[in-house]
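Asker: sequence and predicted structure, then a few things I'm wondering about:
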Amino acid sequence: MNEKADIKATRTVTIRSRQGLHARPASLIARLSRSFDAKVYLVRDHDRVDATDVIHVLALGVMPDQVLRLEAIGAQAEEAADAVARLITEELPKIED
C-alpha cells in the first residue's frame with residue numbers, strides 16, 4: 001500500500017459567496033482541485049462529489065451560508081485541502097464584489 005496515497009485531510013468551510021456555488025465558482029474549484037496529486041471531494045449532508053467535476057459540484061446545489069466538508073486523499077492532500085478551502089472562503093466572495 002502506498003503510504004502517500006493514504007494521506008487524508010479534511011476541512012469544513014462555509015459558503016460566503018452571495019450566489020452560492022454557481023458555474024464560475026464550480027469551474028474554479030474543479031480547476032484548482034485537478035492541480036494536485038490528490039483526490040478532492042466536496043461533501044454536503046450525505047452527498048459526496050468529486051471536486052474536479054464541475055457538473056458534480058453544481059449538482060450539490062450549494063447555497064450561501066451552507067457548510068461543506070472538503071476531503072482530500074493522496075500525496076498532496078493537505079496542500080489541496082488548504083488551497084480549496086482558501087479559494088472557497090477567501091477568494092470566491094471577492095470575485096463577486
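Answerer: Here it is on my side, so go on.
Asker: the helices in this protein, which residues?
Answerer: 23-34, 54-59, 77-86, 92-96 (DSSP state H).
Asker: go through the second one and flag the buried ones.
Answerer: In terms of neighbour count (16 or more other CB atoms under 10 Å), helix 54-59 has its buried residues at Val54, His56, Val57, Leu58. In this view, the C-beta of every residue, glycine as well, is placed from N, C-alpha and C.
Asker: ok, the longest one next?
Answerer: Neighbour counts over helix 23-34 (16+ other CB under 10 Å) mark Pro25, Ala26, Leu28, Ile29, Ala30, Leu32, Ser33 as buried.
Asker: need the buried residues of helix 54-59 in JSON lines (columns: pLDDT and distance to Leu21).
Answerer: Listed next are the buried residues of helix 54-59 as JSON lines, based on pLDDT from 0 to 100; distance: CB to CB, whole Å:
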{"residue": "Val54", "pLDDT": "97", "distance to Leu21": "10"}
{"residue": "His56", "pLDDT": "97", "distance to Leu21": "11"}
{"residue": "Val57", "pLDDT": "97", "distance to Leu21": "6"}
{"residue": "Leu58", "pLDDT": "97", "distance to Leu21": "7"}
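Asker: ok, these vs Gln66, which is closest?
Answerer: The closest of those to Gln66 turns out to be Val57 (CB to CB; 12.9 Å).
Asker: is it true that that closest one touches Arg48?
Answerer: No. Val57 is not in contact with Arg48 according to CB atoms under 8 Å; the separation is 11.5 Å.
Asker: any shared contact partners between those two?
Answerer: Common contact partners of Val57 and Arg48 (CB atoms under 8 Å, 6 or more residues apart in numbering): Leu42.
Asker: identify the residues contacting the worst-scoring helix or strand of the chain on mean pLDDT?
Answerer: Ranked by mean pLDDT, DSSP states H and E, the weakest helix or strand in the chain is helix 92-96, scoring a mean of 79. Contacts with helix 92-96, where a contact means CB under 8 Å, 6+ apart, come from Arg16, Ser17, Arg18, Gln19, Arg24, Pro25, Leu28.
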